[in-house]
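S.K.: I would like to see how this sequence folds:
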Amino acid sequence: MSHATEVKRVLEGRDGRKLAQLMDLQDEAMRHAMANGSKGSTMAELRLIDENLQETFALLYETAQLLQARNTKLAYETLVNALGPFQRAFREDEDAWLVKPMHRMVKNLRSVAEACDAVPNGMQEKTNNMADAGAQMMKCFAVSIQAQHNRSKKLAALFIVNELFKVYFKLNTLHLCKNLVRAVMAPTFAKLEEFPMAQRVTYMYYVGRLSVFEEKYKDAEEQLEFALAHCDKGAVKNKRRILQYLVPVKLGRGHVPSMDLLQKYQLYEYTDLVGSFKCGSMQAFNQTLLQHQRKFIASGTYLLLEKMKLVVYRTLFKKVHQVHTKMVLEGAEGRGKSTQISMEMLKASLDWQRVSMDLEEIECLVSNLIFQGYIKGYLSHQKRTLVVSKQDPFPHLFEVAKSSY
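M.R.: Predicted coordinates:
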């Protein structure tokens, strides 16, 4: 059976899921079948179906042929031309059976645009079809949310939003994501509970990443936790992607993940980091941050992890306080007070960690820790002494995070 014959049969049965499979340009076997779909008299079989869908498939077949010939630039342009008649078909049909094919058209658009931009152009100016794909996908989004005849057609929208997130994150145009979030939060948009869970998980994942970028860590934690809790149990790679952002957010909010969790999802870049975080080792923390710097920068978590340095300093100074208190109780500090820690003692701990700071720099660091709420106390500049509170001098990180994150 030819591809066109199969398309005609599926169109007559109005089977949207099967039609979406027949439109998949990412599938090599299907792409090959589509490239051969317009040969001979097979296209004549499509003349009896909807005129818009007939034009859509004629252009899809041409796109497949161009992709087979590795002419990605013209393939992308042809695929964009196919969007017009498909959008008309979607808009005019009163039923919602074209929702899945709409999703496939959007995925085709992103994949072909990405393939086109990846082709070296020699001395020519670099193409940016991904940016154009984003604009074209916004048209699909508009068609879906403006669906008049059937509310179920509006359920095509969240999938398109997620594909747009992928485009904007790849292009690093995150400011455009805010418009999408506002659209989803609008009262005219369908409630998130109406969409499939997989789409909601993807949406929460990207919104969580956006919250990390905007330093809204409490929101990020809630959004990423939702994504992780509702992610398919077998989707190990997807869970790992979520945890790449959730782990540093959790650290910043005072929750330390177990080593078993990090090992299970192969988050090896965080194992040493978490270890240094727990024991207050600035040396190990700096080495790990430097070792995985490129990966952290690429994922957008580097600046968040940089902020964790204050927490590591706090843990180190807490250990200094514990040692100092023990020495006072044992009489090793003469008539000293357990609440008074000299800058010299803090400097000695930093020297031991191979962190070079003079006393003035340490005073600035301690002042910042007090200001951020990591230490309860005050700094005596005249005596160069940190005076900590008798009660809870080093508050739990979760309590600090509630007020500062």
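S.K.: roughly how far does the closest residue to Val388 other than its chain neighbours sit from Pro395?
M.R.: Excluding its sequence neighbours, the residue lying closest to Val388 (CB to CB, 6 or more residues apart in numbering) is Gly377, at 3.8 Å. C-beta coordinates here come from the backbone N, C-alpha and C atoms, glycine included. Distance from Gly377 to Pro395, counting by CB to CB, to the nearest Å: 11 Å.
S.K.: one more: Ser342?
M.R.: For Ser342, the distance to Pro395 (CB to CB) stands at 22 Å.
S.K.: Ile145: what's it in contact with?
M.R.: For Ile145, the contacting residues are 154, 157, 183, 188-189, by CB atoms under 8 Å, 6 or more residues apart in numbering.
S.K.: other SSEs contacting the helix or strand hosting Arg200?
M.R.: Taking DSSP states H and E as the criterion, Arg200 maps to helix 197-213. Counting contacts by 3 or more CB pairs under 8 Å, 6 or more residues apart in numbering; DSSP states H and E, helix 197-213 packs against helix 157-171, helix 175-185, helix 217-230, helix 236-252.
S.K.: buried residues in the second one, which are they?
M.R.: Buried residues in helix 175-185, counting neighbours by 16 or more other CB atoms under 10 Å, are found at 176-177, 180-181, 183-184.
S.K.: dump these to JSON lines, plus pLDDT and distance to Lys250.
M.R.: Compiled in JSON lines, the buried residues of helix 175-185 are given as follows (pLDDT from 0 to 100; distance: CB to CB, whole Å):
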{"residue": "Leu176", "pLDDT": "93", "distance to Lys250": "28"}
{"residue": "Cys177", "pLDDT": "94", "distance to Lys250": "23"}
{"residue": "Leu180", "pLDDT": "94", "distance to Lys250": "26"}
{"residue": "Val181", "pLDDT": "95", "distance to Lys250": "23"}
{"residue": "Ala183", "pLDDT": "94", "distance to Lys250": "29"}
{"residue": "Val184", "pLDDT": "95", "distance to Lys250": "25"}
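S.K.: hmm, Met197 is touching His230, no?
M.R.: Yes - with contact defined as CB atoms under 8 Å, Met197 counts as touching His230 (5.6 Å).
S.K.: the more surrounded of Gly377 and Pro395?
M.R.: It is Gly377, of Gly377 and Pro395, that has more neighbours when counted by other CB atoms under 10 Å, with 20 against 17.
S.K.: quick one: residues contacting that one.
M.R.: 339, 370, 386-389, 393.
S.K.: what separation do you get for it and Ile362?
M.R.: From Gly377 to Ile362 the distance is 14 Å (CB to CB).
S.K.: contact partners for the closest residue to Leu180 other than its chain neighbours?
M.R.: Leaving aside its sequence neighbours, Leu180 sits nearest to Val161 (CB to CB, 6+ apart; 5.1 Å). Going by CB under 8 Å, 6+ apart, Val161 touches 141, 180, 183-184, 203.
S.K.: mind putting those into a markdown table with distance to Ala135?
M.R.: A markdown table is the format used below for the contacts of Val161 (distance: CB to CB, whole Å):
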| residue | distance to Ala135 |
| --- | --- |
| Phe141 | 11 |
| Leu180 | 13 |
| Ala183 | 15 |
| Val184 | 19 |
| Tyr203 | 21 |
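S.K.: which one of those residues sits closest to Gln287?
M.R.: Comparing the contacts of Val161 against Gln287 with CB to CB places Tyr203 closest, at 36.6 Å.
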